[in-house]
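In: sequence below, structure please.
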Amino acid sequence: MRRFGIVLILVLSLARESRATIFGSVRGSVKAADGAAVAGARVTLRAQSGSWKRAAIAGADGAFAFSAVPLGEYGVRAEAGALVSQETRVAVTSGGTVAIDLTVAPPSLSERMTVTAEVPAVDPRSSTTQTTVSRLRIAQTPGADSANSVAMITAFVPGSYVVHDQLHVRGGHQVDWLVDGVPVPNTNIASNVGPQFDPKDVDYIEVQRGGYSAEYGDRTYAILNVVPRTGFERDREGDLALGFGTYKSAISQLSLGDHSERFAYYVSLNANRSDLGLETPVPQVLHDNANGFGAFASLVFEPRASDQLRVVASARRDDYQIPNDGDAQAAGIRDLELEHDLFANLSWLHIAGPWATLTVSPFFHDNSARFDGGSDDPIVAADHRTSRYAGAQVTVVTTAPGHDARIGAFGFIQNDDELFSLTANGVSLSQRQSTQGNLQAIFVEDRYDMTPWLTMRGGLRYTRFSGGLRESAASPRTGLSIRLPGSNTVVRASYGHYYQAPPLSTVSGPLLQYALEQGFGFLPLRGERDHQGEIGIATTAAGWTLDASAFRTEARNFFDHDVLGNSNIFFPLTIDRVHIRGVEATLKSPLIAGRADVHAAFSHQTVQGEGGVAGGLTDFSPPKEGRFFLDHDQRNTASAGITLRLPRASWISGAVAYGSGFLQGNGPAHLPSHTTFDVAAGTTAGLWSLKITALNVANKRYLLDESNTFGGTHYANPRAVSAQIGYRFKY
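Out: As a prediction, this is how the structure comes out:
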């Protein structure tokens, strides 16, 4: 860690501009109706989801710039004496730059101008494939704001789905969660099934899934960048939400928020319970209770215009009964999984000028998972793990004409404590170990506008990992974007190497029923090394946005998992080689007739393994020659949704999800295809609101997966109907 500290000092000494990863920029010019530059115009940038705003004065050439703008949707407007412009709506992405021109005219003429429509939500300088989902879309998508739900991802992101209660994106498990642009590290793949925070606390979530900048970490399959609610959308207001539904489900959340010109806060408390927690191994719901509670806080303080402090903290506790089949229920088996998660992130942002900022972001994360087998189990297993991470992130960017060059550092120390034990027929065997590890990474990158229509990006990320073994990796990244003349179309391409740090250890040995006789032990795993190439195209026309891409991922030491019984509790393992191929597309509409908007996502992909398996309690033997399909291989995945705005502050939305079927047993055959339909409707009357949601309306109980080697057997959740009442109050 002393090496890492030296790196941080060097980075800070070189700092001219730094941008935390939730920030982008808005730049442009102000012109008169005859095209002449308007000097001294006042330009206002205002968030669409709250009262956050900034103002800038256009220079002598009419140019203006806003740096350190959090990702989200904004309105931009210019005023120059009696001249005004229409408001232009823009979408800011992390690390992206929005370029717009504003035309000011007398108010009567400005009202008739139609050239200031919404700027297309396509970053012409980016080679990254990404999807952004807002708080309003989360609230109006069936089930997306429910506790323990990741529908805010699976409903909008192609190639994303939940199987054996684990989120998969682009064929893999390993995803990076960032909150306010700061990583929440967790190297323990698939060891937790509970969420880190409530979806109701999200303002925006940006999902990147390919063509990453060297600035970002090395989780190949998705980067989930969460911008939490801050309180800028509140004025000493509180929200109380109470929900009830089938399977004795109940949710509650109390949130408070307020802001002044320089300070904003948002805090929330939530609790949930249900008789339907985890995916079941049979159509019947047996021994499947779940309950949880949590607290969340976000603070934003600006002591002066040039400085900003952002603090995010969360604490959660989730308890699950492990669902049974009929035989296990009759035998009195009562397994449990208890989890907790705590994180705190701090970001200091210093703005030295319109083109220069500095950020420093320390973080802490405490995560645990405790599996306890019931006393009536034939073999009583216990797996207890606690992991703690502490580290920091710094990013430095130097802006010059046509260039956007950056250098950065990231690192953490990790302490794990793990106990695994087996007991049967009076014989007990247990092992416990405490391990330490650390990771340091530095990166450098430049994004260069070679021409007005061509942007090139090149970078390198170097990572050192130390735990049960020591590894290092140099990961080059490159990308380009081409803006086709006379259109709102961007063609992009990217290629990158990625190194994913491994868990500090995993339990390894024979199948569970033989482990007492033959023994087991803790085994260090090697990090995953991936190569990913991608080409894509994004275009907008009449407000519609289409994004399509094709990608190929080659992985070595691919992280997967081995199930403990049929519990959805997993031990990490690695597969020698994995080959992933995919094509995907998303479609997003404008507001149609002032009433409706639609979205759709489609993915076709294959996920195949090759070679041996290291780690886990498994006797899996790969084919002597050739490849095998992984248990979460599903060729075609599609989702679509529509929201209709009705009179009297009411709305109704529907969502359909299709899957061609996961692997059947050990394959190569696949299970039958499946389609589910969800619906939600809501209304607001004064301070009160009501929402009714029905998931899996047709109550289809199809077999989701049955890979007893890696994932277990699970059925899709049955129909669930719930009602939620909300009340907003002043305090």
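In: worst-scoring helix or strand of this structure, pLDDT-wise?
Out: Lowest by mean pLDDT, DSSP states H and E among the helices and strands of the chain is helix 2-14, with a mean of 45.
In: now do the next helix or strand after that one: distance to the chain's middle.
Out: As assigned by DSSP states H and E, the chain's next helix or strand after helix 2-14 is strand 23-32. From the chain centre to the centre of strand 23-32 is a distance of 28 Å (Cα atoms, centre = their mean, to the nearest Å).
In: got it, and stretch 445-452?
Out: Using Cα atoms, centre = their mean, the offset of stretch 445-452 from its chain centre is 28 Å.
In: and the lengthiest strand in the chain, what does it pack onto?
Out: Criterion DSSP state E: the longest strand present in the chain is strand 427-451. Secondary-structure packing of strand 427-451 (3 or more Cβ pairs under 8 Å, 6 or more residues apart in numbering; DSSP states H and E): helix 2-14, strand 403-424, strand 454-466, helix 512-518, strand 521-523. (Glycine included, C-beta is placed from N, CA and C.)
In: buried residues in the shortest one?
Out: Applying a neighbour-count criterion of 16 or more other Cβ atoms under 10 Å, the buried positions in strand 521-523 are 522-523.
In: paired strands for the helix or strand containing residue 490, with orientation please.
Out: Here residue 490 sits within strand 489-500, counting by DSSP H and E. If you go by DSSP bridges, strand 489-500 pairs up with strand 470-483 (antiparallel), strand 528-541 (antiparallel).
In: dump these to TSV, plus mean neighbour count and mean pLDDT.
Out: Listed next are those as TSV, based on neighbours: other Cβ atoms under 10 Å; pLDDT from 0 to 100:
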stretch	mean neighbour count	mean pLDDT
strand 470-483	18	96
strand 528-541	20	95
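In: figure out which of those is closest to residue 445.
Out: Counting by Cβ to Cβ, residue 445 lies closest to strand 470-483 out of the strands paired with strand 489-500; the figure is 7.1 Å.
In: CA atoms of that closest one as PDB?
Out: Taking Å, rounded to 0.1, in the frame of the first residue of the first chain, the C-alpha atoms of strand 470-483 are listed here in PDB:
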ATOM      1  CA  ARG A 470       0.400 -12.200  -6.700                       C
ATOM      2  CA  GLU A 471      -0.600 -11.100 -10.200                       C
ATOM      3  CA  SER A 472      -0.200  -8.100 -12.400                       C
ATOM      4  CA  ALA A 473      -1.700  -7.100 -15.700                       C
ATOM      5  CA  ALA A 474      -1.300  -4.400 -18.300                       C
ATOM      6  CA  SER A 475      -4.700  -3.800 -20.100                       C
ATOM      7  CA  PRO A 476      -4.700  -1.700 -23.200                       C
ATOM      8  CA  ARG A 477      -7.900  -0.100 -24.400                       C
ATOM      9  CA  THR A 478      -8.700   1.600 -27.700                       C
ATOM     10  CA  GLY A 479     -11.800   2.900 -29.400                       C
ATOM     11  CA  LEU A 480     -13.100   5.200 -32.100                       C
ATOM     12  CA  SER A 481     -16.300   7.000 -33.000                       C
ATOM     13  CA  ILE A 482     -17.300   8.300 -36.400                       C
ATOM     14  CA  ARG A 483     -20.100  10.900 -36.900                       C
END
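In: figure out how far the strand holding residue 490 is from the centre of its chain.
Out: Worked out by Cα atoms, centre = their mean, strand 489-500 lies 18 Å from the chain centre.
In: show me the shaky parts of the chain.
Out: In the predicted model of the chain, residues 1-21, 108-121, 353-356, 510-518, 564-569, 616-620, 708-711 satisfy pLDDT under 70.
In: quick one, helices of it?
Out: With DSSP state H, the ranges of helices along the chain come out as 2-14, 107-112, 135-140, 151-154, 326-330, 512-518.
In: who's in contact with the third one?
Out: I take that to be helix 135-140. In this structure, residues lying in contact with helix 135-140 by Cβ atoms under 8 Å, 6 or more residues apart in numbering are 49, 144-145, 152, 156, 199-200, 202-205, 229, 643, 651, 653, 680, 682.
In: tally of neighbours for the nearest residue to residue 282 once chain neighbours are set aside?
Out: Spatial nearest neighbour of residue 282, chain neighbours left out: residue 325 (4.6 Å); criterion: Cβ to Cβ, 6 or more residues apart in numbering. When neighbours are counted by other Cβ atoms under 10 Å, residue 325 registers 18.
In: quick check: phi and psi at residue 325.
Out: Per-residue torsions, residue 325: phi -90, psi -180 (degrees, to the nearest 10).
In: that one against residue 281, yeah?
Out: Yes: if you go by Cβ atoms under 8 Å, residue 325 and residue 281 touch, sitting 4.8 Å apart.
In: thanks a lot, catch you later.
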